[in-house]
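Participant: Turn this into a structure:
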Amino acid sequence: MPPAPSVDVVCLGESMVTFVPSRPGRLAEVPAFARGIGGAESNVACGLAGAGHGVRWISRVGTDGFGDHLLTEIAAAGVDVSGVQRDPRRPTGIYFRTAGERAVESEPSAEDDGEQPLAEVLYYRAGSAAAAMSPALMPHEQTWSGRILHLTGITPALSPDCLALMRELTTRAPGRPLVSFDLNYRVSLWEDPERSPDEGPSVLLDLARGCDLVFVGEDEAEAAWGTGGGAAAIREALPEPDVLVVKQGSAGATAYARGADGADTVTFAPALRVDVVAPVGAGDAFAAGFLSGTLRGLPVAQRLRHGHLMAAAVLTVPGDLCTPPSRAYADRLVTLDDAEWGTLRFGPGWADPARSGSDTAVVEVTDP
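Facilitator: Numbers count the residues shown, from 1 in each chain. Below you'll find the predicted structure:
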């Protein structure tokens with residue numbers, strides 16, 4: 001019998017030090033970079049901690065200064081980092097990016113209209129400390145120590161050991177916590193001459209089928225599995241999870257929740273209108289908001305709206321992380337009727353109480 005959960009959520013995965021250009025432009029032209037942190041799982045952990053939940057981040061980092069920086073910053077966000085292992089022989093991963101980052105494309109698209117800067121992302125993570133994560137190094141005493149275990153599809157692409165760990169954690173077994181999985185299909189991470197082009201999509205589908213709650217973008221499902229046909233086609237391809245959340249970009253998100261009778265209840269929540277500062281981190285923030293609502297036992301529609309609010313908070317700041325809206329404020333907004341919800345528009349920094357001195361002053365209400 002596993003011990004009683006010691007935290008609400010355990011997030012497992014690699015975090016890296018990220019370098020963001022000091023000005024817009026191609027990486028080749030940028031003279032200086034600002035240091036930050038980046039990692040889907042640690043982003044979710046920080047978002048959940050900001051929403052008032054007990055969260056533990058599990059990973060491995062080097063004994064270098066970059067590892068020190070990651071631990072300091074993530075702990076400062078209220079996340080328990082006591083389960084992070086230090087590796088004296090392997091480095092902490094780093095990456096460089098421009099202002100945008102696409103979830104699916106590995107190269108800028110020829111169809112870019114020029115309104116947004118082309119996205120460039122360069123990873124230096126091969127052989128990193130996190131790539132050595134394995135079932136032997138990550139025992140169930142750690143990974144099963146929360147009510148929810150949150151994983152992503154980034155981890156299995158890092159190494160064979162990481163894939164073995166993910167296969168173990170997504171295998172249904174007595175006593176395991178609710179397992180949450182964000183697909184996070186990154187084409188560039190699966191590009192390897194020794195791999196079949198279909199390996200990444202096939203692995204991710206297998207892993208997702210073993211999870212209880214799955215987040216997937218409509219665009220990445222099409223890129224990975226050729227689903228087409230929208231959210232319903234994705235549910236048809238992925239019927240196993242009790243809850244499937246299909247993110248549909250600026251349109252909103254649809255959740256499929258299986259009831260006791262085996263039938264799905266389908267819930268759609270439209271996205272909010274947001275004046276976007278930077279698009280990075282919105283998917284992780286959405287997952288954090290939905291998981292927060294799940295922990296609190298809220299109706300699925302309110303879980304989706306909490307996801308949209310957390311995403312709106314991140315979209316209106318320059319980096320991956322931000323101060324989420326207060327729980328009381330978010331709870332008021334998610335209970336608005338559909339017409340009122342549709343009138344909301346959010347500008348830069350709206351969720352930071354220090355910016356305005358009050359919650360309500362930073363939301364612009366416009367005509368429907």
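Participant: Show me the beta-bridge partners of T254.
Facilitator: Beta bridges link T254 to V246, F268, judged by DSSP bridges.
Participant: In contact with it, which residues are there?
Facilitator: A231, V245, V246, Q248, V266, T267, F268 (Cβ atoms under 8 Å, 6 or more residues apart in numbering). (Glycine included, C-beta is placed from N, CA and C.)
Participant: so which of the residues you listed is the most crowded?
Facilitator: The most crowded member of those, judged by other Cβ atoms under 10 Å, is V245 (27 neighbours).
Participant: so what's that one up against?
Facilitator: Counting by Cβ under 8 Å, 6+ apart, V245 has contacts L213, V214, F215, V216, A253, T254, A255, Y256, F290, L304, G307.
Participant: Mind checking which of the residues you listed land in strands?
Facilitator: Those of those mapping onto strands are L213, V214, F215, V216, A253, T254, A255, Y256, per DSSP state E.
Participant: show me where the stretch 251-368 of the chain has helices.
Facilitator: Assigned by DSSP state H, counting those that start in this stretch, the stretch 251-368 of the chain shows helices spanning 282-295, 300-315, 327-334, 338-342, 353-356.
Participant: how about the strands of the stretch 101-250 of the chain, start to end?
Facilitator: 121-124, 146-152, 178-182, 213-217, 243-247 (DSSP state E, counting those that start in this stretch).
Participant: Next, format the helices of the stretch 251-368 of the chain as TSV and append mean pLDDT.
Facilitator: Formatted as TSV, those follow (pLDDT from 0 to 100):
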stretch	mean pLDDT
helix 282-295	97
helix 300-315	96
helix 327-334	95
helix 338-342	96
helix 353-356	59
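Participant: Which among those is found nearest to P174?
Facilitator: Of all those, helix 282-295 sits nearest to P174, with 21.3 Å by Cβ to Cβ.
Participant: Can you list the helices and strands that that closest one packs against?
Facilitator: Packing partners of helix 282-295 (3 or more Cβ pairs under 8 Å, 6 or more residues apart in numbering; DSSP states H and E): strand 7-12, helix 40-50, strand 146-152, strand 178-182, strand 213-217, strand 243-247, helix 300-315.
Participant: Who are the contact partners of G319?
Facilitator: V20, G36, A278, V280, G281.
Participant: how many neighbours does the first one have?
Facilitator: For V20, the neighbour count with other Cβ under 10 Å is 19.
Participant: One more: the fourth one?
Facilitator: Around V280 sit 26 other residues, with neighbours defined as other Cβ under 10 Å.
Participant: Check whether it really touches D320, as I assumed.
Facilitator: Yes. Counting by Cβ atoms under 8 Å, V280 does reach D320; the two are 5.5 Å apart.
Participant: which residues are common contacts for these two?
Facilitator: What both V280 and D320 touch, as defined by Cβ under 8 Å, 6+ apart, is the set G38, V314.
Participant: circling back: for the helices and strands packed on helix 282-295, give me TSV that also has distance to G347.
Facilitator: TSV is the format used below for the helices and strands packed on helix 282-295 (distance: least, Cβ to Cβ, whole Å):
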stretch	distance to G347
strand 7-12	29
helix 40-50	20
strand 146-152	29
strand 178-182	27
strand 213-217	25
strand 243-247	22
helix 300-315	10
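Participant: for these, which one sits closest to D352?
Facilitator: Judging those by Cβ to Cβ, what sits closest to D352 is helix 300-315, at 8.4 Å.
Participant: contacting residues for the most centrally placed residue in the chain?
Facilitator: Closest residue to the average C-alpha location of the chain: D284 at 2.5 Å, with Cα atoms, centre = their mean. Shown in contact with D284 (Cβ under 8 Å, 6+ apart): A40, N43, V44, G47, D182, V314, D320.
Participant: Please name the nearest non-neighbouring residue to it.
Facilitator: N43 (3.7 Å; Cβ to Cβ, 6 or more residues apart in numbering).
Participant: Check that neighbour and give its pLDDT.
Facilitator: Looking at N43, its pLDDT stands at 96.
Participant: residues touching it, list them.
Facilitator: G281, D284, A285, A288, D320, L321.
Participant: For the closest residue to L137 other than its chain neighbours, what are phi and psi?
Facilitator: The shortest distance from L137 to any non-neighbouring residue, by Cβ to Cβ, 6+ apart, is to Q85 (6.8 Å). According to degrees, to the nearest 10, the main-chain angles of Q85 amount to phi -90, psi 150.
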